[in-house]
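K.L.:
Below are the sequence and a predicted model for it; my questions follow.
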Amino acid sequence: MLSDIQRTKSRVLVVDDGDDNRMLLSMILETADYEVQTAEDGPTALEMVRRDPPDLILLDVMMPGMDGYEVCARLKADDASRAIPVIFVTALSESEAETRSFELGAADFVTKPISMTVLLARVKTHLALYAQRRSLEGMFRDVIEFAPDAFVLTNSQGVITQINARAEELFGYPRSELLGQPVEMLVPQRLRAGHQAHREDYAHKTHRLKMGSGLKCLRKDGTEFPADINLSPLQTNRGRLLMAVVRDVSERQRQEDELREAARYSRSLIEASLDPMVMISSHGMITDVNAAAERITGLGREQLIGSEAASKFTEPERLYQGFHRVVLEGQVTDYPMAIRHASGRVIQVMCNASAYRDGRGEIVGAFASARDVTESLRIQEKISASRQRLRDMAAQSEAMREKQRMHLAREVHDELGQVLTALRMDLSFIEKQTCADNPQLQSKVLAMKALVDRAIQGVRNVVVSLRPAALDMGLGLVAALEWLCSEFSERNGITCEFHAGQEVIEMSEARAVVLFRIVQESLTNVTRYAQASRVDVSMGQQDGTFWLEVRDNGKGFDPETVSKTSYGLLGMQERALALGGEVAVASAPGRGTSIRVTIALADDSTEKDS
């Protein structure tokens, strides 16, 4: 037996009890290059069809025993032969016979005497239609068989008539165990009664139906899974059938559950936050808020959502600027704003915002949070004011100490210095008057004069230390620093050079004294800790700023650790801050140290020198 692929000619089965008719029909068909088989009665024809189905059947109506009508009825009752086109060939011409033929499923009706042209035309037409139908059915079967969704076909009684490979895989049954079984076996026991009622109700409808998402189905092993099910009615030559397309949505449902859980978790975090949080669309409208946002604005959620975000701030333009930065940079941090409460109260906040993007990566809005910093700013202002008061008090205390030093220097110089000078003069007089003839007395007087000279030098040192003469004489900061560097070199044996620009720097005495003390403290530190062989003191001005630097080539230190514990450095910084300036310390182990003071050369005519 040749298969459909091997057979190149269409095969026609001629069924007629008359030898002449069979011969005539065979000759006509063979001249048209068809392969012809013949049968003289109905049972023989049915057996031949069962063994090797032909492509078309020419069937005589009037035959002894089993007539053509019964043969056609049996062919159409069998799934294997139902689709084979049958053309009745008969001498009967009554319309009743023709009608009965078509009711039984015949494809056409040809009357005797046979017209060769008519017969071949009709055979050719029905063979072409049959070939086309088989091709389409084959394609359709392949599409269904290898579809990613399960297909289950049932008749009007709910009996499974066909399934595809995905249905076998999804439900865990081989095809042989499902065919002929009620479709309810694929539904959990508790749902079967309801499923049967719905199926019977739908059996009378002609439209497509989606039964919903997440319906429960039952596998052979007893496990259940959620599924989307689409029902479609089919009208076929076997009667009305129902096609169910079943899609396992377990993974999708798991992802949806995870997404819902993540959304609930995110929402709980947002709502639990003490900071206000809002979602702002690209059009500047509020799309979502948390409870903290309701509290800080004094407005309910329904009043906030859908309103313009800028209207909730005292400076709407700043919000637009911040949103523009979010679009350009992706985020904004520590952005100061002020929220207007429904009561009229203004609340200072620090905002952070990041861009919110859709699935294509395009910015569709911004997610923003705000922190109430009103109390923090108030505390900072109090701390800043307190620090300023402390600095003012420290500056006043320093000024008072400087006045005391100046007073003490003058007192020592005027009182003690004059007494010592007078005492030395008296000793010189005694030496001239009485010691010429008394060598012992002269030796004693000379010793006393040496002690008085030491005392006078000590007084001078104390006076200079308390108040450099250059400052007292009004010679200015440059002269005072030149003297200080020279005195430092002479006293410590360390080279100390002073460098000043050519420009004239006008400065009040109060500022000059503070800067002098900073340099004096720096040189003291060099003596104690630096182990330096050279120090350079420089000063100048640039762009309205005065700068002064003390640089040594000593052993250096780590500023991060030393500057926090060095009272000398802290004292310099506080002195500079009192002048509205700052001190920068640059050092590293083995690389020396640089201390640089900078202050603005603003008009200080209002500063008090006292």
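P.N.:
Thanks, I have the structure now. Keep in mind that what you see is a predicted model, and the values were worked out from it rather than measured.
K.L.:
Going by C-alpha atoms from here, please, whenever you check contacts or count neighbours.
P.N.:
OK.
K.L.:
C-terminal to the helix or strand of the chain with the lowest mean pLDDT, what's the next element?
P.N.:
When the helices and strands of the chain are compared on mean pLDDT, DSSP states H and E, helix 469-472 comes out lowest with a mean of 58. Per DSSP states H and E, the first helix or strand lying C-terminal to helix 469-472 is helix 477-492.
K.L.:
Quick one: mean pLDDT for that next one?
P.N.:
For helix 477-492, mean pLDDT is 86.
K.L.:
Check the offset of that helix from the chain's centre.
P.N.:
63 Å (Cα atoms, centre = their mean, to the nearest Å).
K.L.:
Name the residues of it that are buried.
P.N.:
Of the residues in helix 477-492, L477, V478, A480, L481, E482, L484, C485, F488 count as buried by neighbour count, 16 or more other Cα atoms under 10 Å.
K.L.:
what packs against that helix?
P.N.:
On a contact count with 3 or more Cα pairs under 8 Å, 6 or more residues apart in numbering; DSSP states H and E, helix 477-492 meets helix 469-472, strand 495-500, helix 509-525.
K.L.:
Would you mind finding the most buried of these?
P.N.:
Ranked by mean neighbour count under mean count of other Cα atoms under 10 Å, the helices and strands packed on helix 477-492 are led by helix 509-525, which reaches a mean of 19.
K.L.:
List just the nearest of the buried residues of helix 477-492 to Q331.
P.N.:
Proximity to Q331 was ranked across those by Cα to Cα; first place goes to L477, at 50.9 Å.
K.L.:
Test my guess that that closest one contacts R517.
P.N.:
No: between L477 and R517 there is no contact under Cα atoms under 8 Å: 10.7 Å.
K.L.:
on that earlier part again, turn the helices and strands packed on helix 477-492 into TSV, columns for distance to V537.
P.N.:
What follows is the helices and strands packed on helix 477-492, written out as TSV (distance: least, Cα to Cα, whole Å):
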stretch	distance to V537
helix 469-472	17
strand 495-500	5
helix 509-525	8
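K.L.:
before we move on, the earlier item: please produce a markdown table containing the buried residues of helix 477-492, extended by distance to E256.
P.N.:
Converted to a markdown table, the buried residues of helix 477-492 look like this (distance: Cα to Cα, whole Å):
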| residue | distance to E256 |
| --- | --- |
| L477 | 79 |
| V478 | 80 |
| A480 | 82 |
| L481 | 79 |
| E482 | 82 |
| L484 | 81 |
| C485 | 80 |
| F488 | 81 |
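K.L.:
Which residues belonging to the helix or strand containing Y130 are considered buried?
P.N.:
Using DSSP H and E, Y130 falls within helix 116-145. Within helix 116-145, the residues scored as buried using 16+ other Cα under 10 Å are L119, L120, R122, V123, K124, H126, L127, Y130, I144, E145.
K.L.:
Quick check: next helix or strand after it?
P.N.:
Taking DSSP H and E, what comes next after helix 116-145 is strand 150-155.
K.L.:
Give me the contact list for the helix or strand following that next one.
P.N.:
Next along the chain after strand 150-155, taking DSSP H and E as the criterion, comes strand 160-163. Outside strand 160-163, the residues within contact range by Cα atoms under 8 Å, 6 or more residues apart in numbering are 145, 150-155, 175, 178-183.
K.L.:
which stretches of the stretch 151-300 of the chain form helices?
P.N.:
Counting by DSSP state H, counting those that start in this stretch, one finds helices in the stretch 151-300 of the chain at the ranges 165-171, 175-178, 192-202, 250-272, 291-297.
K.L.:
gap between stretch 170-179 and the chain center?
P.N.:
Counting by Cα atoms, centre = their mean, stretch 170-179 is centred 47 Å from the centre of its parent chain.
K.L.:
got the buried residues for that stretch?
P.N.:
Applying a neighbour-count criterion of 16+ other Cα under 10 Å, one finds L170, F171, L178, L179 buried in stretch 170-179.
K.L.:
count of residues packed around T8?
P.N.:
11 (other Cα atoms under 10 Å).
K.L.:
Is it in a helix, a strand, or coil?
P.N.:
On the three-state scheme (DSSP: H, G, I helix; E, B strand; the rest coil), T8 is labelled coil.
K.L.:
Phi, psi for Q531 please.
P.N.:
phi 60, psi 40 (degrees, to the nearest 10).
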